[in-house]
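[1] what would the 3D arrangement of this be:
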Amino acid sequence: MTATSIRGAMQTRPAQCERHGEYESVLLNLGGQRWTGCPHCSAETIEQHQAERDASQAEDLRRLRGQAMFEASGVPRRLQGATLKSYVSDSDEQDAAHRQVCEYAKGLAGHLETGDGLVLMGNMGTGKTHLAVGLIRYATRSLAVPARYVTAPALFSRVRASYGGNGESEAEILDELVAAPLLVIDEIGVGKGSDNELNLTYSLLGQRYDACRPTVIITNLMSEDLRAWLGERVVDRLRETSPVVLFNWESYRGRS
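    A predicted model of the protein is given here:
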């Protein structure tokens, strides 16, 4: 059967589309009779649906990538539910700290270029780590920016273990943390701080400073104690690039 004979068996009629003008409508018998609409409109609808499916698939992929980045950040499982939004402010001081960290998050794209970080300083149990984890969640899941979380004691322990020939070197550990677009170092100031630990901290912060990569420091020490623990040369770098956010209220964990 030829195309002409097929066409000759079709019922057609002229039709008018408000957007595309005249077209030939065809009578279809597919579970009932209906006349076809404008082919140009049909093609546009198909393209729109395809674009929506592509966008949905891209969003699903972005969400999965962001979740994978967050899970690879090193945030402990117990803390992974923390978000910037879920932080509860019960006082003006808490609200101010919350707003400072949220404002930093809003400008994170710029901070990734300039290397400006933060120092979250104050009492234990006041939500410093909660907000830092919320920042990591925002970076990874909303901006698709890789981030790392590490405690200073865990870092020092990992470096000491490398001296025993466990398959990684101190230089490799430093390179890994220096390369992170965003790094959070928690528990700065825990312990006395040996010369080796202080030199390691200075090297890490110095290399990140030179590479313009932002670092968020979390410490229970106040300014003078932090200066005594880190040393003046490290504090000078922090003073230049990292505003202090104070957490000077009572510990949540200390409340009845």
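[2] burial count for residue 175?
    Around residue 175 sit 11 other residues, with neighbours defined as other CB atoms under 10 Å. No exception for glycine: its C-beta is placed from N, CA and C like everyone else's.
[3] so it is in which element?
    helix 170-179 (DSSP states H and E).
[4] name the residues of that helix that come out as buried.
    173, 174, 177, 178 (16 or more other CB atoms under 10 Å).
[5] can you name the two of these that sit furthest apart?
    Greatest spacing in the buried residues of helix 170-179, by CB to CB: 173 and 178 (9.6 Å).
[6] for residue 178, which residues are in contact?
    204, 207, 208, 211, 213 (CB atoms under 8 Å, 6 or more residues apart in numbering).
[7] sorry, wrong one. I was asking about residue 85.
    Residue 85 sits next to residue 134 when contact means CB under 8 Å, 6+ apart.
[8] ranges for the helices of the stretch 101-250 of the chain?
    108-114, 128-137, 152-162, 170-179, 195-210, 223-230, 232-241 (DSSP state H, counting those that start in this stretch).
[9] and for the closest residue to residue 63 other than its chain neighbours, the neighbour number?
    Nearest non-adjacent residue to residue 63, counting by CB to CB, 6 or more residues apart in numbering: residue 141, 7.4 Å away. Neighbours of residue 141 under the rule other CB under 10 Å: 18.
[10] report the contact partners of residue 220.
    Residue 220 neighbours (CB under 8 Å, 6+ apart): 121, 122, 123, 124, 187, 189, 190.
[11] quick revisit: could you turn the buried ones of the contacts of residue 178 into a ChimeraX selection?
    Typed into ChimeraX, the line below selects the buried ones among the contacts of residue 178, using 16+ other CB under 10 Å:
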select :204,208,213
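[12] tally of neighbours for the residue lying closest to residue 143 once chain neighbours are set aside?
    Leaving aside its sequence neighbours, residue 143 sits nearest to residue 108 (CB to CB, 6+ apart; 6.5 Å). A count of nearby residues for residue 108, using other CB under 10 Å, gives 20.
[13] what's near enough to touch residue 108?
    Here residue 108 is in contact with 135, 138, 139, 143, 145, 182, 214 (criterion: CB under 8 Å, 6+ apart).
[14] that one and residue 241: what is the separation?
    As judged by CB to CB, to the nearest Å, residue 108 and residue 241 stand 14 Å apart.
[15] domains of the protein?
    1-71, 77-254 (automatic domain parsing).
[16] what's the most buried one of the ones you listed?
    Sort the domains of the chain by mean neighbour count, taking mean count of other CB atoms under 10 Å, and domain 77-254 sits at the top with a mean of 17.
[17] quick one: distance of that one to the chain centre.
    15 Å (CA atoms, centre = their mean, to the nearest Å).
[18] need the residues that contact stretch 125-137.
    70, 73, 75, 79-80, 82-87, 94, 97-98, 101, 104-105, 108, 120-122, 147, 149, 182, 184, 186, 216, 218, 247-254.
[19] give me the nearest residue to residue 41, chain neighbours excluded.
    Residue 41 sits nearest to residue 17 (CB to CB, 6+ apart), 6.3 Å away.
[20] typo on my end, residue 70
    Nearest to residue 70 is residue 140, by CB to CB, 6+ apart, at 4.2 Å.
[21] my guess is the one you found contacts residue 73. True?
    Yes. Residue 140 lies in contact with residue 73 (CB atoms under 8 Å); the separation is 6.2 Å.
[22] any idea of the mean pLDDT in the longest helix belonging to the chain?
    Secondary structure assigned by DSSP state H gives helix 39-71 as the longest helix of the chain. Throughout helix 39-71, pLDDT has a mean value of 83.
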